[in-house]
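curious how this folds, go ahead:
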Amino acid sequence: MTIKPLIILPDPLLREHSKPVEHIDDGVRKFARDMLDTMYDAPGIGLAAIQVGEPIRMLVIDLAKEGEEPAPRIVINPEIVTSGEDRSIYEEGCLSIPDYYAEVERPATVRVKYLDEHGKLQEVDADGLLATCLQHEIDHLNGVLFIDYISKLKRDMVMKKFKKLAKDRPPSRMVG
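This next block holds a predicted model:
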């Protein structure tokens, strides 16, 4: 079990576009397991590779509720194929923006194609929390944060708060 350090706002890495995973091998699968361990430890329901310092197009999700059997999903090189016209609003949070939550409106349904940890092409029609979570994590891979969907005033307040907090804590990652 390897817990990776989380990248926290305002780290500029969170705004980078992640690159596709070129080859799925044991190293990629181990990294995915480390991501799951990190997500469970946080605790959270989704985590993008960029949030642990790796700008690759991979994310993990587990929407099992407490007391339910874990249902981890490893999603590599995801692509939203279609989005429904209906909208839904969920209160979202983010492991990279700790203790901040806001209502975000997104498409209520999406179809996502991706590779699983064995390199097999998968496609999922998602609604509800799964649709929201997939969109949130795929946004991370594109350098987009959930606070980008809130008003500029609220977003500026969040950024100011996290910039101040960043001055008071050690760096979240090593440079080099």
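
please make it C-alpha for all contacts and neighbour counts, starting now.
OK.

what is the burial count for Pro12?
Residues lying near Pro12 (other C-alpha atoms under 10 Å) number 10.

same check on Leu14?
Neighbour count for Leu14, taken as other C-alpha under 10 Å: 23.

mind checking how far it is from Gln122?
Plainly put, Leu14 is 26 Å away from Gln122 if you go by C-alpha to C-alpha, to the nearest Å.

for Asp37, give its distance to Pro70.
From Asp37 to Pro70 the distance is 12 Å (C-alpha to C-alpha).

what's the neighbour count on Glu117?
Neighbour number of Glu117 under other C-alpha under 10 Å is 19.

correction: Glu85
11.

touching, it and Pro107? I think so.
Yes: Glu85 is within contact range of Pro107, at 6.4 Å (criterion: C-alpha atoms under 8 Å).

now the residue most central in space within the chain, nearest residue through space, not along the chain?
Against the mean C-alpha coordinate of the chain, by C-alpha atoms, centre = their mean, the closest residue is Glu137 at 3.2 Å. Once flanking residues are discounted, Glu137 sits nearest to Ala48: 5.6 Å by C-alpha to C-alpha, 6 or more residues apart in numbering.

returning to what we had before: which of Asp37 and Pro70 has more neighbours?
The residue with more neighbours, out of Asp37 and Pro70, is Asp37; 16 against 12, by other C-alpha under 10 Å.

what values do phi and psi take at that one?
phi -60, psi -40 (degrees, to the nearest 10).

which residues sit in contact with it?
Counting by C-alpha atoms under 8 Å, 6 or more residues apart in numbering, Asp37 touches 1-3.

what about those, which one has the most neighbours?
Ile3 leads the contacts of Asp37 on contacts (other C-alpha under 10 Å) with 16 neighbours.

Leu36 contacts Val60, doesn't it?
Yes: if you go by C-alpha under 8 Å, Leu36 and Val60 touch, sitting 6.4 Å apart.

between those two, which is the more surrounded one?
Leu36 (27 against 22).

any chance of the contacts of Asp37 in JSON lines, plus pLDDT, secondary structure and distance to Asn77?
Listed next are the contacts of Asp37 as JSON lines, based on pLDDT from 0 to 100; DSSP: H, G, I helix; E, B strand; the rest coil; distance: C-alpha to C-alpha, whole Å:
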{"residue": "Met1", "pLDDT": "73", "secondary structure": "coil", "distance to Asn77": "24"}
{"residue": "Thr2", "pLDDT": "91", "secondary structure": "coil", "distance to Asn77": "23"}
{"residue": "Ile3", "pLDDT": "95", "secondary structure": "coil", "distance to Asn77": "22"}
